[in-house]
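In: I would like the atomic coordinates for the input below:
(chains A and B)
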Amino acid sequence: MADVKLMIAGRPYDVHCADGEEAQLLQLAAVVDEKARGIQGGTEVRQLLFAALMLADDAQEAKGKVDKAEPQSDSLRAAVALAESREAAARDELRAAVVREQAALKELEVARSTAVAPSAPKPANDRALLQIADRIEALATKVEQIS
Amino acid sequence: MELDLDESSLAIGRIERALSRIEKALADQPKRSPPAIAAPATDQSALKAEVAAVIGELDRLIAEADRG
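Out: Numbers count the residues shown, from 1 in each chain, chains lettered A, B, ... in the order given. Modelled structure (predicted):
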């Protein structure tokens, strides 16, 4: 046990506390002292009574704020969880789509390489391939921007 | 504009590189801290619609190439 000398409202008090808790006790005593000194006039007991009442009021107000904030933080947590799950689902869908596109591209390459008429790549198809390249590049830019 | 075979290969190369960029962006995403604000649902829907449209176009091209 440690001995601590507190000074509250100009009067010394000798108290004991567990070792290592001295600084905290002194800090709490300083809070009580500040409240007690703020009350002018009256007896010492009355000063301490008002200090205790003011501290109880502070405690009640703080508890009210915490109680009020809890439902808000619950709904925020739920909103964040929902947004995260939606984002994860969107990412999975996009990933699956990329896999499908790669498979489709491979098929396209195979189909091109096994085409019977080598001199007959259809211009319309080639234009479409060029447009697809443009669109997939634009998609890649969008995905990079939102990632 | 008409493409010859080499130019179509270039187009395929561009598609492959773009797909790699998408894969890399998706792979890198979980390593970063989550964004403060998620992408709006409308953006995601538009992105999905564009992905579906591109896949559909590729499917159509493959079907045409298969038919010769």
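
In: which stretches of the chain form helices?
Out: In the absence of a named chain, this looks at chain A. Using DSSP state H, the helices assigned to chain A run over residues A:22-37, A:44-113, A:123-146.

In: actually chain B
Out: B:5-28, B:41-67.

In: how much does the longest one deviate in direction from helix B:5-28?
Out: It refers to helix B:41-67. When axes from the mean of the first three to the mean of the last three Cα atoms, to 10 degrees is applied, the directions of helix B:41-67 and helix B:5-28 differ by 140 degrees.

In: Just put the helices of chain A in JSON lines and tack on mean pLDDT.
Out: Converted to JSON lines, those look like this (pLDDT from 0 to 100):
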{"stretch": "helix A:22-37", "mean pLDDT": "92"}
{"stretch": "helix A:44-113", "mean pLDDT": "87"}
{"stretch": "helix A:123-146", "mean pLDDT": "84"}
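
In: tell me the most buried of these?
Out: helix A:123-146 (a mean of 17; mean count of other Cβ atoms under 10 Å in any protein chain shown). Where C-beta positions appear, they are placed from N, C-alpha and C, glycine not excepted.

In: Run through the neighbouring helices and strands of that helix.
Out: Helices and strands touching helix A:123-146, by 3 or more Cβ pairs under 8 Å, 6 or more residues apart in numbering or on different chains; DSSP states H and E, are helix A:44-113, helix B:5-28, helix B:41-67.

In: One more pass at 7 Å, please.
Out: Contacting helix A:123-146 under the criterion 3 or more Cβ pairs under 7 Å, 6 or more residues apart in numbering or on different chains; DSSP states H and E are the following elements: helix B:5-28, helix B:41-67.

In: buried stuff in stretch B:10-27?
Out: Within stretch B:10-27, the residues that count as buried by 16 or more other Cβ atoms under 10 Å in any protein chain shown are B:Ala11, B:Ile12, B:Arg14, B:Ile15, B:Glu16, B:Ala18, B:Leu19, B:Arg21, B:Ile22, B:Glu23, B:Ala25, B:Leu26.

In: ok, now which ones touch the third one?
Out: This means B:Arg14. The contact partners of B:Arg14, by Cβ atoms under 7 Å, 6 or more residues apart in numbering or on different chains, come to A:Ala133, A:Glu137.

In: What confidence value was assigned to it?
Out: Per-residue pLDDT puts B:Arg14 at 89.

In: And for B:Leu5?
Out: So B:Leu5 comes in at 57 (pLDDT).

In: Relative to chain B, how far out is A:Ala81?
Out: Using Cβ to the nearest Cβ, to the nearest Å, A:Ala81 is found at 11 Å from chain B.

In: mind listing what that residue touches?
Out: No contacts exist for A:Ala81 under Cβ under 7 Å, 6+ apart.

In: surely A:Tyr13 meets A:Leu6?
Out: Yes - using Cβ atoms under 7 Å, A:Tyr13 is in contact with A:Leu6, at 4.5 Å.

In: ok, B:Lys48 - how many residues close by?
Out: 14 (other Cβ atoms under 10 Å in any protein chain shown).

In: ok, now B:Glu64?
Out: When neighbours are counted by other Cβ under 10 Å, B:Glu64 registers 15.
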